[in-house]
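A.B. asks: Following is a predicted model, sequence given first.
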Amino acid sequence: MKNNVLLITLITIFFFSCEETPKKKVTAPLLLTTYSKKKKPRKIKAKEKKIYKRQLEIVTGSRDFSYFDKDTRDSIVLRIPVANDNFKFYNIYNITNGNNKGILVIISDNSKNEVCEISEKTHILDTLVFAHKLKHYRTNLPLTLKMKDSLQTFVFNDYLPNFLKDSLKYINRHHAVLERVGDWTWSCENSFFQEYFNIDDKQPKESGGGVIVSFP
């Protein structure tokens, strides 16, 4: 009898020791209100209309557009074309994946209206953020940039209450796809989610963006 009890005890210990260690649950951070500007987006300039080809686009390589400062490698300027003056920044996530550095910029005009299909770009939503304040949403490590780095930038427009319901899902999926954006043709549409995530969500889950480099 004692031998049977001992055997059962050993089997139980072996079973539990072989169980996979539970993975740490990743929780979505709260909205970073410091990145939300009180001022409304400014009206787009004539020369900007000629440069920007679509809504939610990131153009880089000049102080007139999006860039990160070459000297400090900390200041990041974001300028995003939008279709009205109700848009605001709601959060910016550091979604860097290995050597692929990237951020996910959440914007909204607090409506369910699509903007990708609107050809007329009327306003520019702009802000200044600092790389060292952009802590990785999983590791909490700050974003660090080198002069020759490219910063992949996703601009995600969504109706905010809907985004907040599934925020972690979309952050994780942008993070996962970051390794594969080298061949991604930047646009303004929701086919991004259909192609990479097999999701057919209703708009305005719209994704645009581009690549930011250092300047001058």
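C.D. replies: In hand now; what should we look at? It should be emphasised that the depicted structure is a prediction, and the values quoted were computed from it without experimental measurement.
A.B. asks: Just the CA trace of stretch 169-183, in CSV.
C.D. replies: Taking C-alpha atoms only, stretch 169-183 is exported to CSV below (Å, rounded to 0.1, in the frame of the first residue of the first chain):
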residue,chain,number,x,y,z
LYS,A,169,-5.7,42.2,-30.4
TYR,A,170,-4.8,44.8,-32.9
ILE,A,171,-1.6,45.9,-31.2
ASN,A,172,-0.4,42.3,-31.1
ARG,A,173,-1.2,41.8,-34.7
HIS,A,174,0.6,44.9,-35.9
HIS,A,175,3.5,43.8,-33.8
ALA,A,176,3.5,40.3,-35.4
VAL,A,177,3.2,41.6,-39.0
LEU,A,178,6.1,44.1,-38.5
GLU,A,179,8.6,41.5,-39.7
ARG,A,180,6.7,41.3,-43.0
VAL,A,181,6.1,44.9,-43.9
GLY,A,182,9.2,45.1,-46.1
ASP,A,183,7.1,44.1,-49.1
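A.B. asks: After the one helix or strand Leu78 maps to, heading C-terminal, what element do we hit next?
C.D. replies: Leu78 is part of strand 75-82 when elements are defined by DSSP states H and E. Sequence-wise, the next helix or strand downstream of strand 75-82 (DSSP H and E) is strand 88-94.
A.B. asks: Show the residue spans covered by the strands in the chain.
C.D. replies: 42-43, 67-69, 75-82, 88-94, 102-108, 123-130, 151-157, 206-212, 214-215 (DSSP state E).
A.B. asks: Of those strands, which stretch is the most buried?
C.D. replies: Greatest average neighbour count among those goes to strand 151-157 (a mean of 26), per mean count of other Cβ atoms under 10 Å. (Each C-beta comes from the backbone N, C-alpha and C, glycine too.)
A.B. asks: Give me the contacts around that strand.
C.D. replies: The contact list for strand 151-157, computed with Cβ atoms under 8 Å, 6 or more residues apart in numbering, reads 56-58, 66, 68, 76, 78, 80, 87, 95, 100-109, 115, 145, 163, 170, 174, 178, 181, 204-213.
A.B. asks: Same question for stretch 61-69.
C.D. replies: The contact list for stretch 61-69, computed with Cβ under 8 Å, 6+ apart, reads 47-48, 51, 58-60, 74-80, 131, 145, 151, 153, 210, 212-216.
A.B. asks: and that stretch, C-alpha only, in CSV?
C.D. replies: Extracted in CSV, the C-alpha atoms of stretch 61-69 (Å, rounded to 0.1, in the frame of the first residue of the first chain):
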residue,chain,number,x,y,z
GLY,A,61,12.9,63.0,-45.5
SER,A,62,12.2,66.7,-44.8
ARG,A,63,11.4,68.9,-41.9
ASP,A,64,8.1,69.7,-43.6
PHE,A,65,7.0,66.1,-43.1
SER,A,66,7.5,63.3,-40.7
TYR,A,67,11.0,62.5,-39.4
PHE,A,68,13.1,61.8,-36.3
ASP,A,69,15.9,64.2,-35.3
